[in-house]
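# below is the structure, and that's it, no one-letter string:
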DNA sequence: TCATATAGGGATAAATTTTTCTCATTTGAA
DNA sequence: TTCAAATGAGAAAAATTTATCCCTATATGA
């Protein structure tokens, strides 16, 4: 497992929230779980751009940070469900605000993002 | 300059906002500029953990994404100021919501973050 | 004259995150 | 019997981001 070499700053609310929501897919995971997609395979279908591995890793971190709870049903083939914890639910309005801003400014955002994409021609 | 090899997903509001606010220091830069620290040297003093180079790079991206505007005063020694654009200002309430959540849950957050830090003993 | 403040960029290294590939397990369906 | 669906993890590579180091330029104050 990777070990950090640089300690994070935890000076203010912005630092703290960053520690738990940074990660390419974390916010979307929380959002989809909130919307009712709780099984890993569902989440993977919702977010096909992400590799299975990362989703697992990020779910693990969300769990460690107590934003989601994992239920493993003792079945074969395995069945697993993630649910938001009470704590995780408090984050939903904040994520909603992020998504709302993105939706409201979709046109402008697409424009400036595409204009500045540094990518292969 | 680094060129992306993987194109970003831009499917929903959450994807779009992520494109412009991801970056270790971007949110804090926006916040401090909003609070009145507008000159690069002020921002560097506010965020001493960040290297000067990255702050410049992230400010450049914020500028490309039209969240901040840069004014270069034709003076020597040089004077530069960043201001939020009208567009950038619309993001402030969202950032405030992030910081508020982080502040409100500071104790719990510190606890789960420190508990799970993967770092050198 | 020398250090400091101002602002920024190139090159390169290091850190971190994400992807890709592979393997393991069990049930049910074709 | 062979394949797909489920879930998950290790190893290694690739991608991306951030840090470090060094250089430029000029005015001011000690």
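Structure received. No experiment lies behind these values; they were computed from the predicted model shown. Residues are numbered from 1 along each chain as shown, chains lettered A, B, ... in the order given.
# any part of the longest helix along chain A near chain B?
Looking across chain A with DSSP state H, the single longest helix is helix A:86-104. Yes - Helix A:86-104 comes into contact with chain B (C-beta under 8 Å from any C-beta of the partner chain), by way of A:87, A:90-91, A:93-95, A:97-104. C-betas here are computed from N, CA, C, even on glycine.
# how about residue A:63, nearest residue that isn't a chain neighbour?
residue A:70 (5.3 Å; C-beta to C-beta, 6 or more residues apart in numbering or on different chains).
# count of neighbours near the one you found?
Each residue near residue A:70 was counted by other C-beta atoms under 10 Å in any protein chain shown, and the total is 14.
# give me the number of residues near the residue nearest to residue A:49 when sequence neighbours are not counted?
Residue nearest to residue A:49 in three dimensions, not counting chain neighbours: residue B:9, with 5.1 Å by C-beta to C-beta, 6+ apart. Other residues lying near residue B:9 total 18 when counted by other C-beta under 10 Å.
# residue B:9 and residue A:23, how far apart?
Per C-beta to C-beta, to the nearest Å, residue B:9 is found 14 Å from residue A:23.
# wondering if stretch A:102-113 reaches DNA strand D at all.
No - using C-beta under 7 Å from any atom of the strand, stretch A:102-113 never reaches DNA strand D; the gap is at least 12.0 Å.
# quick check: bridge partners of residue A:82?
Beta-bridge partners for residue A:82, by DSSP bridges, are residue A:70.
# residues in contact with it?
Residues in contact with residue A:82, defined by C-beta atoms under 8 Å, 6 or more residues apart in numbering or on different chains, are A:33, A:38, A:39, A:40, A:43, A:59, A:62, A:63, A:68, A:69, A:70, A:71.
# thanks a lot, see you next time.
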